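> Could you work out the structure for the sequence below:
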Amino acid sequence: KIKSIQMFRRQVKGVSQGDRAGICFSNFDAKLIERGVAASPGTVKYMDGAIAVVKKVRYFKGAIKSDSKFHVSVGHSTVMATVSFFGAKELAEKYGSTPLFTDNDRQQEDNAEQQEESELGSSSLSSSADIAGLPRLKFDFTDHFVHMDGLLDSFGDSDNNNGDDKSSQAEKGTKSSSSSVQEEPPLHWAALQFQTPVYCPLNSLIIGSRLDTDIQAHTCRLAFSGRLVEKFDPKKDPNHQIKIYN
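Okay, the predicted model is just below:
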(Lines give C-alpha, C1' and ligand atoms only; values in the text may rest on other atoms or scores of the structure.)
Protein backbone atom coordinates (compact mmCIF):
# COMPACT_ATOMS: atom_id res chain seq x y z
CA LYS A 1 0.00 0.00 0.00
CA ILE A 2 1.30 3.46 -0.93
CA LYS A 3 1.26 5.78 2.06
CA SER A 4 2.43 8.99 0.37
CA ILE A 5 4.15 10.37 -2.72
CA GLN A 6 6.61 13.25 -2.89
CA MET A 7 8.10 15.23 -5.76
CA PHE A 8 10.92 17.62 -4.86
CA ARG A 9 9.98 17.40 -1.15
CA ARG A 10 6.35 18.28 -1.78
CA GLN A 11 3.39 16.00 -1.22
CA VAL A 12 1.48 15.10 -4.40
CA LYS A 13 -1.59 12.98 -5.03
CA GLY A 14 -0.21 11.22 -8.09
CA VAL A 15 2.55 11.04 -10.71
CA SER A 16 2.63 10.46 -14.46
CA GLN A 17 5.12 8.98 -16.90
CA GLY A 18 8.46 10.76 -16.87
CA ASP A 19 8.09 12.12 -13.33
CA ARG A 20 10.74 11.58 -10.66
CA ALA A 21 9.13 10.84 -7.31
CA GLY A 22 9.69 9.35 -3.89
CA ILE A 23 7.09 6.78 -2.82
CA CYS A 24 6.48 5.75 0.77
CA PHE A 25 5.11 2.22 1.27
CA SER A 26 3.46 1.21 4.51
CA ASN A 27 4.68 -1.90 6.33
CA PHE A 28 7.61 -2.30 3.96
CA ASP A 29 11.31 -2.61 4.69
CA ALA A 30 13.14 0.14 2.77
CA LYS A 31 16.27 -2.03 2.63
CA LEU A 32 14.46 -4.47 0.34
CA ILE A 33 13.98 -1.97 -2.49
CA GLU A 34 16.41 0.06 -4.61
CA ARG A 35 16.11 3.33 -6.44
CA GLY A 36 14.96 2.65 -10.01
CA VAL A 37 12.41 3.17 -12.77
CA ALA A 38 8.83 1.89 -12.69
CA ALA A 39 7.79 0.92 -16.23
CA SER A 40 5.83 -1.57 -18.29
CA PRO A 41 7.83 -4.75 -19.08
CA GLY A 42 10.06 -4.38 -22.13
CA THR A 43 9.73 -0.60 -22.52
CA VAL A 44 12.99 0.32 -20.78
CA LYS A 45 16.03 -0.90 -22.73
CA TYR A 46 19.52 -1.74 -21.49
CA MET A 47 21.90 0.06 -23.84
CA ASP A 48 25.64 0.14 -24.39
CA GLY A 49 25.19 2.48 -27.33
CA ALA A 50 22.50 4.24 -29.31
CA ILE A 51 21.69 6.34 -32.35
CA ALA A 52 19.99 9.69 -31.80
CA VAL A 53 18.79 12.59 -33.89
CA VAL A 54 20.40 15.72 -32.45
CA LYS A 55 20.98 19.42 -33.01
CA LYS A 56 23.38 21.92 -31.51
CA VAL A 57 22.35 24.24 -28.68
CA ARG A 58 22.78 27.67 -30.25
CA TYR A 59 24.18 29.18 -27.04
CA PHE A 60 27.06 26.73 -26.85
CA LYS A 61 30.20 28.51 -28.12
CA GLY A 62 32.72 25.69 -28.30
CA ALA A 63 33.38 23.29 -31.17
CA ILE A 64 31.56 19.96 -31.07
CA LYS A 65 33.82 17.45 -32.79
CA SER A 66 33.10 13.88 -33.74
CA ASP A 67 34.62 11.10 -31.62
CA SER A 68 34.82 13.39 -28.59
CA LYS A 69 33.46 12.69 -25.11
CA PHE A 70 30.45 14.41 -23.56
CA HIS A 71 28.35 14.04 -20.45
CA VAL A 72 25.10 12.63 -21.81
CA SER A 73 21.90 12.81 -19.77
CA VAL A 74 19.35 10.21 -20.85
CA GLY A 75 16.52 8.61 -18.94
CA HIS A 76 17.40 9.25 -15.29
CA SER A 77 21.17 8.90 -15.75
CA THR A 78 24.09 11.11 -16.75
CA VAL A 79 27.07 9.17 -18.11
CA MET A 80 30.14 9.81 -20.25
CA ALA A 81 29.74 8.88 -23.91
CA THR A 82 31.82 9.06 -27.08
CA VAL A 83 29.74 10.78 -29.76
CA SER A 84 30.17 10.76 -33.54
CA PHE A 85 28.07 12.96 -35.82
CA PHE A 86 26.93 12.25 -39.38
CA GLY A 87 24.01 12.52 -41.77
CA ALA A 88 23.16 16.24 -41.64
CA LYS A 89 23.23 16.52 -45.42
CA GLU A 90 21.18 13.37 -45.88
CA LEU A 91 18.59 14.51 -43.35
CA ALA A 92 18.41 17.89 -45.09
CA GLU A 93 17.81 16.27 -48.47
CA LYS A 94 15.11 14.05 -47.04
CA TYR A 95 13.32 16.43 -44.69
CA GLY A 96 14.60 19.89 -45.66
CA SER A 97 17.88 21.64 -44.80
CA THR A 98 16.25 23.68 -42.04
CA PRO A 99 13.40 21.61 -40.57
CA LEU A 100 10.40 23.79 -39.89
CA PHE A 101 7.58 23.00 -37.47
CA THR A 102 4.24 24.78 -37.35
CA ASP A 103 1.77 24.62 -34.50
CA ASN A 104 -0.27 22.18 -36.59
CA ASP A 105 2.78 19.95 -37.16
CA ARG A 106 3.46 19.81 -33.44
CA GLN A 107 -0.19 19.01 -32.68
CA GLN A 108 -0.10 16.13 -35.18
CA GLU A 109 3.16 14.85 -33.68
CA ASP A 110 1.68 15.05 -30.17
CA ASN A 111 -1.31 13.02 -31.31
CA ALA A 112 0.95 10.43 -32.97
CA GLU A 113 3.07 10.18 -29.83
CA GLN A 114 0.02 9.68 -27.61
CA GLN A 115 -1.30 6.97 -29.93
CA GLU A 116 2.07 5.16 -30.02
CA GLU A 117 2.48 5.31 -26.25
CA SER A 118 -1.07 4.04 -25.85
CA GLU A 119 -0.31 1.07 -28.10
CA LEU A 120 3.18 0.26 -26.85
CA GLY A 121 3.00 1.53 -23.30
CA SER A 122 6.29 3.37 -23.81
CA SER A 123 7.45 6.65 -22.34
CA SER A 124 9.85 9.23 -23.72
CA LEU A 125 10.53 10.42 -20.14
CA SER A 126 10.18 13.91 -21.57
CA SER A 127 7.50 15.30 -23.87
CA SER A 128 9.57 18.48 -24.22
CA ALA A 129 11.47 16.80 -27.06
CA ASP A 130 8.52 17.61 -29.31
CA ILE A 131 8.57 21.27 -28.34
CA ALA A 132 12.32 21.40 -29.02
CA GLY A 133 11.77 20.44 -32.67
CA LEU A 134 13.16 16.91 -32.42
CA PRO A 135 10.89 14.75 -34.59
CA ARG A 136 10.41 11.03 -34.23
CA LEU A 137 12.50 9.54 -37.03
CA LYS A 138 13.42 5.97 -37.92
CA PHE A 139 17.04 5.16 -38.66
CA ASP A 140 17.73 2.99 -41.71
CA PHE A 141 20.97 1.00 -41.53
CA THR A 142 20.90 0.55 -45.33
CA ASP A 143 21.38 4.30 -45.91
CA HIS A 144 24.78 5.78 -46.76
CA PHE A 145 26.20 8.89 -45.09
CA VAL A 146 29.03 11.37 -45.61
CA HIS A 147 31.58 11.67 -42.79
CA MET A 148 31.31 14.80 -40.64
CA ASP A 149 34.09 16.30 -38.53
CA GLY A 150 31.59 17.73 -36.06
CA LEU A 151 28.20 19.25 -35.36
CA LEU A 152 27.16 22.23 -37.51
CA ASP A 153 25.55 25.47 -36.36
CA SER A 154 24.14 25.85 -39.86
CA PHE A 155 24.80 24.57 -43.35
CA GLY A 156 26.83 27.70 -44.04
CA ASP A 157 29.50 26.17 -41.77
CA SER A 158 30.09 23.29 -44.20
CA ASP A 159 32.28 23.95 -47.25
CA ASN A 160 31.20 20.77 -49.01
CA ASN A 161 27.48 21.32 -48.56
CA ASN A 162 25.57 21.37 -51.87
CA GLY A 163 22.22 22.43 -50.45
CA ASP A 164 22.95 26.12 -49.75
CA ASP A 165 20.83 27.32 -52.66
CA LYS A 166 17.94 25.15 -51.59
CA SER A 167 18.41 26.27 -48.02
CA SER A 168 18.34 29.97 -48.91
CA GLN A 169 15.27 29.48 -51.07
CA ALA A 170 13.51 27.68 -48.24
CA GLU A 171 14.42 30.46 -45.83
CA LYS A 172 13.09 33.14 -48.20
CA GLY A 173 9.87 31.25 -48.63
CA THR A 174 9.31 30.74 -44.94
CA LYS A 175 9.94 34.33 -43.91
CA SER A 176 6.67 35.33 -45.60
CA SER A 177 4.71 32.54 -43.94
CA SER A 178 2.80 32.47 -40.68
CA SER A 179 4.48 33.74 -37.51
CA SER A 180 3.79 30.35 -35.93
CA VAL A 181 6.61 28.89 -38.06
CA GLN A 182 10.02 28.85 -36.39
CA GLU A 183 13.40 28.05 -37.89
CA GLU A 184 15.29 25.20 -36.28
CA PRO A 185 19.03 24.39 -36.39
CA PRO A 186 19.97 21.54 -38.75
CA LEU A 187 19.40 18.02 -37.52
CA HIS A 188 22.20 15.45 -37.38
CA TRP A 189 22.46 11.76 -36.66
CA ALA A 190 24.70 10.88 -33.73
CA ALA A 191 26.17 7.53 -32.70
CA LEU A 192 26.74 7.29 -28.95
CA GLN A 193 28.88 4.76 -27.13
CA PHE A 194 28.14 4.94 -23.40
CA GLN A 195 31.03 4.49 -21.02
CA THR A 196 28.53 2.98 -18.57
CA PRO A 197 25.41 1.20 -19.92
CA VAL A 198 22.11 2.96 -19.29
CA TYR A 199 18.47 1.99 -18.90
CA CYS A 200 16.05 4.11 -20.91
CA PRO A 201 13.14 3.75 -23.33
CA LEU A 202 13.43 4.59 -27.01
CA ASN A 203 12.51 8.16 -28.00
CA SER A 204 13.92 9.50 -24.74
CA LEU A 205 15.19 13.05 -24.73
CA ILE A 206 18.99 13.29 -24.46
CA ILE A 207 21.23 16.23 -23.57
CA GLY A 208 24.96 16.38 -24.29
CA SER A 209 26.96 18.64 -21.97
CA ARG A 210 30.44 19.80 -21.06
CA LEU A 211 29.98 19.58 -17.32
CA ASP A 212 33.73 19.79 -16.81
CA THR A 213 33.72 23.39 -18.08
CA ASP A 214 34.76 25.96 -15.47
CA ILE A 215 31.56 27.18 -13.79
CA GLN A 216 33.17 30.62 -13.45
CA ALA A 217 33.44 30.93 -17.22
CA HIS A 218 29.82 32.14 -17.48
CA THR A 219 29.21 30.14 -20.66
CA CYS A 220 26.60 27.62 -21.72
CA ARG A 221 27.67 24.06 -20.94
CA LEU A 222 24.83 22.35 -22.84
CA ALA A 223 26.25 21.36 -26.23
CA PHE A 224 23.43 19.52 -27.99
CA SER A 225 19.99 18.06 -27.45
CA GLY A 226 18.36 15.15 -29.18
CA ARG A 227 16.02 12.20 -29.24
CA LEU A 228 17.24 8.63 -28.88
CA VAL A 229 15.80 6.61 -31.76
CA GLU A 230 17.67 3.29 -31.96
CA LYS A 231 19.62 0.92 -29.76
CA PHE A 232 23.05 0.43 -31.32
CA ASP A 233 26.07 -1.62 -30.37
CA PRO A 234 28.25 -2.66 -33.34
CA LYS A 235 30.25 -5.09 -31.19
CA LYS A 236 27.18 -7.09 -30.20
CA ASP A 237 25.21 -6.68 -33.41
CA PRO A 238 27.55 -6.86 -36.46
CA ASN A 239 24.58 -6.87 -38.85
CA HIS A 240 23.80 -3.27 -37.87
CA GLN A 241 26.69 -1.15 -39.11
CA ILE A 242 26.54 2.54 -40.05
CA LYS A 243 27.74 3.12 -43.61
CA ILE A 244 29.82 6.33 -43.43
CA TYR A 245 32.15 7.43 -46.24
CA ASN A 246 34.66 10.28 -46.65
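
> CA only for contacts and neighbour counts going forward, please
OK.

> K65 pairs with what?
G150 (DSSP bridges).

> and what of S84?
Assigned bridge partners for S84, using DSSP bridges, are A191.

> Check the burial of it by counting its neighbours.
22 (other Cα atoms under 10 Å).

> Now do the helices for the chain: every range, in order, please.
88-95, 103-120, 128-131, 164-175 (DSSP state H).

> shouldn't D143 be in contact with Y245?
No - counting by Cα atoms under 8 Å, D143 stays clear of Y245, with 11.2 Å between them.

> what does stretch 43-57 rub up against?
Residues outside stretch 43-57 that contact it (Cα atoms under 8 Å, 6 or more residues apart in numbering) are 120-123, 134, 137, 139, 151-153, 185-202, 222-233.

> Inside strands: which ones of these?
Among the contacts of stretch 43-57, the ones falling in strands (DSSP state E) are 188-200, 222-231.

> out of those residues, which are buried?
188-194, 198-200, 222-231 (16 or more other Cα atoms under 10 Å).

> Grab the nearest non-local neighbour of R210.
R221 (5.1 Å; Cα to Cα, 6 or more residues apart in numbering).

> The one you found: what's it in contact with?
60, 209-211, 213.

> Can you lay out those as CSV showing pLDDT?
Shown next, in CSV, are the contacts of R221 (pLDDT from 0 to 100):
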residue, pLDDT
F60, 91
S209, 95
R210, 91
L211, 89
T213, 83
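
> Can you turn the buried part of those into a ChimeraX selection?
Buried residues within the contacts of R221, by 16+ other Cα under 10 Å, are selected in ChimeraX with:
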select :60,209,210
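
> Please produce TSV containing the contacts of R221, extended by distance to T78.
Formatted as TSV, those follow (distance: Cα to Cα, whole Å):
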residue	distance to T78
F60	19
S209	10
R210	12
L211	10
T213	16
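
> out of the contacts of R221, who's nearest D29?
L211 (36.4 Å; Cα to Cα).

> residue furthest from the geometric center of this structure?
Ranked by distance from the centre of the chain (Cα atoms, centre = their mean), the top residue is N27, with 39.8 Å.

> separation between it and I207?
39 Å (Cα to Cα, to the nearest Å).

> any low-confidence regions in this protein?
18, 35-37, 96-132, 156-184, 238-239 (pLDDT under 70).

> before we move on, back to that, looking at the contacts of R221, which one is closest to D237?
Out of the contacts of R221, the member with the shortest distance to D237 (by Cα to Cα) is S209, at 27.8 Å.

> Surely that closest one touches V83?
No - if you go by Cα under 8 Å, S209 and V83 don't touch, sitting 11.4 Å apart.

> Now do the shared contacts for those two.
What both S209 and V83 touch, as defined by Cα under 8 Å, 6+ apart, is the set F70.

> what's near enough to touch F8?
A21.
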